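Visitor: Just need the structure, nothing else, for what follows:
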Amino acid sequence: MGDKYGINLALVPVDNEYLKQTPVPDDGSQVVFGCPSAPGIRIEVLSVSWSAVTLPTDGTNPITVNIVFHDASADSDTTLLTGAAGAAGDLLSAAGISVANEFVTIWNGLQTMDPGDTIRFDLTVTTPDVAGEGGAFLVAYRIKEWNGQ
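Guide: Residues are numbered from 1 along each chain as shown. Modelled structure (predicted):
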C-alpha cells in the first residue's frame, strides 16, 4: 500500500513462540524488514510500530525489544532503538500508551537500506505472566531506487 508521498506500509507478524510463557526462546531475534539483494535498490525506512491482540505482561521483568539495523556490505549492526522499561521498546507499556489492537510507533527516523540490509528485533523476555498473542510490526518505508531507476 502506498500514498502520494511514496510511503508504503508493511505488516510483519511476530512468531507467537516469542511471546508465550513457555518455552521462552533462547534467541528472541526476528527479521522485521529487509532490502532485496538485487543490485540498484535503495529503500528508506521511516518508522517501526508495534501492536498485539494480547499484550505480553510480566509482573517482575520488563519485556523489551531492540530494533537493530544490519548493514550487509559492512557486516555490521547498529542499534536504532534500545528498548527500556516504561519507554519506547517496552512491549507492554511502549512509553505508557500501548493498547491491545492499536499500533504504537516505537521508532521514528530515516534508515537507508541497500541490497541485503535488514532490520530485526532482538527481544528480551524472561517469564511472561500473560503470553502475548497476535503481535505484529508495521514498517513505513519508501522505495528510493529500484533496479537503477
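Visitor: For the rest of this, base every contact and every neighbour count on C-alpha atoms.
Guide: OK.
Visitor: Run through this structure and note the low-pLDDT ranges.
Guide: Within the chain, the segments meeting pLDDT under 70 span 1-4, 21-27, 93-98.
Visitor: Any idea how far stretch 101-113 is from the middle of the chain?
Guide: 8 Å (CA atoms, centre = their mean, to the nearest Å).
Visitor: Please apply the same query to stretch 110-125.
Guide: On the basis of CA atoms, centre = their mean, stretch 110-125 sits 8 Å off its chain's mean C-alpha point.
Visitor: for stretch 76-85, same thing?
Guide: Using CA atoms, centre = their mean, the offset of stretch 76-85 from its chain centre is 11 Å.
Visitor: Just the CA trace of it, in PDB.
Guide: Provided in PDB are the C-alpha atoms of stretch 76-85 (Å, rounded to 0.1, in the frame of the first residue of the first chain):
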ATOM      1  CA  SER A  76      27.900  -4.600  11.000                       C
ATOM      2  CA  ASP A  77      25.000  -3.900  13.300                       C
ATOM      3  CA  THR A  78      23.700  -0.600  14.500                       C
ATOM      4  CA  THR A  79      21.100  -0.400  17.300                       C
ATOM      5  CA  LEU A  80      18.300   2.100  16.200                       C
ATOM      6  CA  LEU A  81      16.300   1.600  19.400                       C
ATOM      7  CA  THR A  82      17.300   0.300  22.800                       C
ATOM      8  CA  GLY A  83      14.100  -0.800  24.500                       C
ATOM      9  CA  ALA A  84      13.700   0.200  28.100                       C
ATOM     10  CA  ALA A  85      11.100  -0.400  30.700                       C
END
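Visitor: which other residues reach that stretch?
Guide: The set of residues external to stretch 76-85 that reach it, using CA atoms under 8 Å, 6 or more residues apart in numbering, is 62-71, 88-90, 93, 106-107.
Visitor: Looking at these, spot the one nearest residue 8.
Guide: Among those, residue 107 lies closest to residue 8 (CA to CA), at 16.1 Å.
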